[in-house]
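>>> how would this look folded up:
(one chain, ligands or ions: 1)
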Amino acid sequence: MSKSDSPSAHVDADQDFGKLEFAKHYQQQATTAPEHMDAFWMPFTANRQFKQHARMLASAAGMHYKTVDGREILDGTGGLWCCNAGHSRERIIEAVSQQIRTLDFAPTFQMGHPLPFVLAQRLAEIAPDPLKHVFFTNSGSESVDTALKIALAYHRVRGEGTRTRFIGREKGYHGVGFGGISVGGLVNNRKWFATQLPGVDHIRHTLDISRNAFNRGLPEHGVELAEDLERAVQLHDASTIAAVIIEPIAGSAGVVLPPVGYLQRMRDICNKHGILLIFDEVITGFGRVGKAFAAQRFGVTPDLITTAKGLTNGSVPMGAVFASRAIHDAFMHGTEGVIELFHGYTYSGHPVACAAAIATLDIYREENLFEKAIELGRYWEDAIHALKDLPNVIDIRNFGLIGAIEMASRPGAVGARAYDVFTRCFFDKDLLIRVTGDVIALSPPLILEKSHIDQIFGRIAEAIRETA
Ligand SMILES: Cc1ncc(COP(=O)(O)O)c(C=O)c1O
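Down below sits the predicted model:
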């Protein structure tokens, strides 16, 4: 055995490293020199453009990031719709550190450890009745693919194996797995990847600027779009349809809200035809709209809910699928020694992720963060709608602590106008926003105060004017 392979050599190396400050050590190594940036193939990023003028974050606390060059950036996006309790919360840090020292990994295939049981129980307490069973994943994409698979297997286990078709929606985003892109409705996420689930159909999205522009809260017009589902049933027959998947509020397509009455109508049509309704709450879950889940805020209960992001406050990758008792119990028949669902991930219920999630739920509860979006909702709404008359703004949408400012696209250059606002905000206004196409989408940490709301919209207004 060479010296470097011996267990004691590894321990020594670990101890040496412990003397260094981890973050500083790597930040000193990292530079924005092209040769140091080349290896990382960045996700959903214009790599060559980014690497010429990098936007690098080094640390974060509360409502702010700090850049590698020491600027404090106000976070208008909760990272990426993740950090609902704000950044670098001590309680989560402690829970994660203690957990990794105690039990770094344990399998959950035919083995167990206490944390996922505790976490699932805690999640069941805040989930709408009857969604009281929880399947753990590592991301929103995996949650979506898990929910689709549970839907298929549920029908099959009940003897309705002809129900194999999914209905998604235009502009829907359900992550990047093959299931998710198949039911998703964003053309760039689909057109490159020929192999998709067979038999998927899509209904229309609900964005209708011509009728609903600058509406506050839910759009008044568009409930009739839910009838698309009834038409899909007439076309395909209910006996072929397993489930419909929609985001109660679509985020990635630039914040598309459900018209008043729309979600309830979808629920009614699903009930009538025995179709499962899946709400993808990867961004709306964990307080974004003033309740634990959008299902509760809208008073419409689906059969499955997919989540991730806010589950651990973004600190450790984790997702969760909530299933109704009826779905779960349908599998709990037959010989007890047989695995009921042939699905799972090595890291389903990972101890460190569970610790992060439990600490996150503690913070949400103790600080009443799920109520923040209702408490601050009106102030947020007034502040965002005050930008109505700025140049090129063609629509403003809001619900809970979600906001969108849509701008007219420059001829032949979709996305360029909003990208200019984004870079102006980051480099000159010390504000992080998110843009998709020509929509500025906002989803700040729920710990924000009115003064942060003033800063967010004050700085965006300046950036819009200056880049007009
Ligand atoms: C509604 C929705 N579903 C699924 C996903 C995919 O989540 P992930 O990126 O964690 O796979 C996202 C990500 O933004 C999302 O917004």
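
>>> Please count neighbours and contacts with C-alpha atoms only from this point.
Fine.

>>> OK, contacts around the residue in the stretch 201-350 of the chain positioned nearest to the ligand?
Using Cα to the nearest ligand atom, the closest approach of the stretch 201-350 of the chain to the ligand is made by Val282 at 4.7 Å. Val282 makes contact with 140, 306-310, according to Cα atoms under 8 Å, 6 or more residues apart in numbering.

>>> Specify the local secondary structure of it.
Secondary structure assignment for Val282 (DSSP: H, G, I helix; E, B strand; the rest coil): coil.

>>> Give me the pLDDT value at it.
Per-residue pLDDT puts Val282 at 98.

>>> quick one: Gly412 from Ser252, how far?
The spacing between Gly412 and Ser252, counted by Cα to Cα, to the nearest Å, is 22 Å.

>>> So which of the two has more stuff around it?
When neighbours are counted by other Cα atoms under 10 Å, Gly412 and Ser252 differ, and Ser252 comes out ahead with 21 against 7.

>>> Helix or strand: which one has that one?
Using DSSP states H and E, Ser252 falls within no helix or strand.

>>> quick one: pLDDT of it?
Reading off the model, Ser252 has pLDDT 93.

>>> Is the nearest residue to it once chain neighbours are set aside inside a helix or a strand, and which specific one?
Sequence neighbours aside, Tyr173 is the residue nearest to Ser252 in space, at 6.2 Å (criterion: Cα to Cα, 6 or more residues apart in numbering). Taking DSSP H and E as the definition, Tyr173 sits outside all helices and strands.

>>> cool, Lys272 as well?
helix 262-273.

>>> Nearest residue to Val393 in space, please, no chain neighbours.
Closest to Val393 by Cα to Cα, 6+ apart is Met407, at 4.4 Å.

>>> residue contacts, the one you found?
Counted by Cα under 8 Å, 6+ apart, Met407 has contacts 392-395, 417-418, 438-439.

>>> And those residues, which two are furthest apart?
Asp395 and Arg417 (14.5 Å; Cα to Cα).

>>> wait, Tyr419 sits on Val435?
Yes: the pair Tyr419 / Val435 is scored as a contact, 6.7 Å apart, by Cα atoms under 8 Å.

>>> ok, those two, which is more surrounded?
Val435 (23 against 19).

>>> Can you tell me the SS state at that one?
Under three-state DSSP, Val435 comes out as strand.

>>> I'd like the distance from it to Ala441, if you could.
For Val435, the distance to Ala441 - Cα to Cα - is 6 Å.

>>> Same check on Asn398?
10 Å.

>>> okay, and the common contacts of the two?
Ala404.

>>> Neighbours of the closest residue in space to Gly403 that isn't next to it in sequence, how many?
Closest residue in space to Gly403, ignoring its immediate chain neighbours: Leu442 at 4.9 Å, by Cα to Cα, 6+ apart. By the measure other Cα under 10 Å, the count of residues near Leu442 is 27.

>>> Now do the contacts for Leu442.
Here Leu442 is in contact with 76-77, 401-404, 433-434 (criterion: Cα under 8 Å, 6+ apart).

>>> ok so, going back, filter the contacts of Val282 down to the buried ones, PyMOL style.
Of the contacts of Val282, the buried ones can be selected in PyMOL as follows, counting by 16 or more other Cα atoms under 10 Å:
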select buried, resi 140+306+307+308+309+310
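
>>> Using TSV, lay out the contacts of Val282 together with pLDDT and distance to Phe193.
Output for those, formatted as TSV (pLDDT from 0 to 100; distance: Cα to Cα, whole Å):
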residue	pLDDT	distance to Phe193
Gly140	98	19
Thr306	99	23
Thr307	99	25
Ala308	98	24
Lys309	98	25
Gly310	98	29
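
>>> can you list the contacts of Val282 in JSON lines and add secondary structure and distance to Glu72?
Output for those, formatted as JSON lines (DSSP: H, G, I helix; E, B strand; the rest coil; distance: Cα to Cα, whole Å):
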{"residue": "Gly140", "secondary structure": "helix", "distance to Glu72": "29"}
{"residue": "Thr306", "secondary structure": "strand", "distance to Glu72": "33"}
{"residue": "Thr307", "secondary structure": "strand", "distance to Glu72": "30"}
{"residue": "Ala308", "secondary structure": "coil", "distance to Glu72": "27"}
{"residue": "Lys309", "secondary structure": "helix", "distance to Glu72": "23"}
{"residue": "Gly310", "secondary structure": "helix", "distance to Glu72": "23"}
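
>>> In the contacts of Val282, find the pair that's most separated.
Going by Cα to Cα, the pair spanning those furthest: Thr306 and Gly310, at 11.8 Å.

>>> element containing Ile245?
strand 241-246.

>>> go on, Phe135?
strand 133-137.

>>> quick one, strands of the stretch 151-300 of the chain?
165-169, 201-203, 241-246, 276-280 (DSSP state E, counting those that start in this stretch).

>>> is the longest one up against the ligand anywhere?
No: with Cα under 6 Å from any ligand atom as the threshold, strand 241-246 lies outside contact range of the ligand, at a closest distance of 8.2 Å.

>>> Check which strands are paired with that strand and give the direction for each one.
strand 165-169 (parallel), strand 276-280 (parallel) (DSSP bridges).

>>> before we move on, what about the second one?
Strands flanking strand 201-203 in the sheet, each with its direction: strand 165-169 (parallel) (DSSP bridges).

>>> Can I get the contacts of Met407 in CSV including neighbour count and distance to the ligand?
Output for these, formatted as CSV (neighbours: other Cα atoms under 10 Å; distance: Cα to the nearest ligand atom, whole Å):
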residue, neighbour count, distance to the ligand
Asn392, 16, 26
Val393, 18, 24
Ile394, 18, 23
Asp395, 21, 21
Arg417, 21, 22
Ala418, 26, 19
Asp438, 23, 17
Val439, 27, 15
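
>>> Dump those into a markdown table; add secondary structure and pLDDT as well.
Shown next, in a markdown table, are those (DSSP: H, G, I helix; E, B strand; the rest coil; pLDDT from 0 to 100):
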| residue | secondary structure | pLDDT |
| --- | --- | --- |
| Asn392 | coil | 98 |
| Val393 | strand | 98 |
| Ile394 | strand | 98 |
| Asp395 | strand | 98 |
| Arg417 | helix | 98 |
| Ala418 | helix | 98 |
| Asp438 | coil | 98 |
| Val439 | strand | 98 |
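
>>> Just give me the closest of these to Tyr379.
Closest to Tyr379, out of all of those and judged by Cα to Cα, is Asp395, at 18.3 Å.

>>> Dig out what the closest one forms beta bridges with.
Glu406.

>>> about what we covered before: can you list residues touching both of Val435 and Ala441?
Gly254.

>>> still on that earlier bit, tally up the residues packed near the residue nearest to Ser252, please.
25.

>>> again, but for Asp420
18.

>>> cool, and Cys83?
28.

>>> One more: Gly261?
Neighbours of Gly261 (other Cα under 10 Å): 18.

>>> Show the contacting residues for the residue nearest to it when sequence neighbours are not counted.
Leaving aside its sequence neighbours, Gly261 sits nearest to Val223 (Cα to Cα, 6+ apart; 5.8 Å). With contact set as Cα under 8 Å, 6+ apart, Val223 has these partners: 259-262, 265.

>>> Cool, thanks, signing off.
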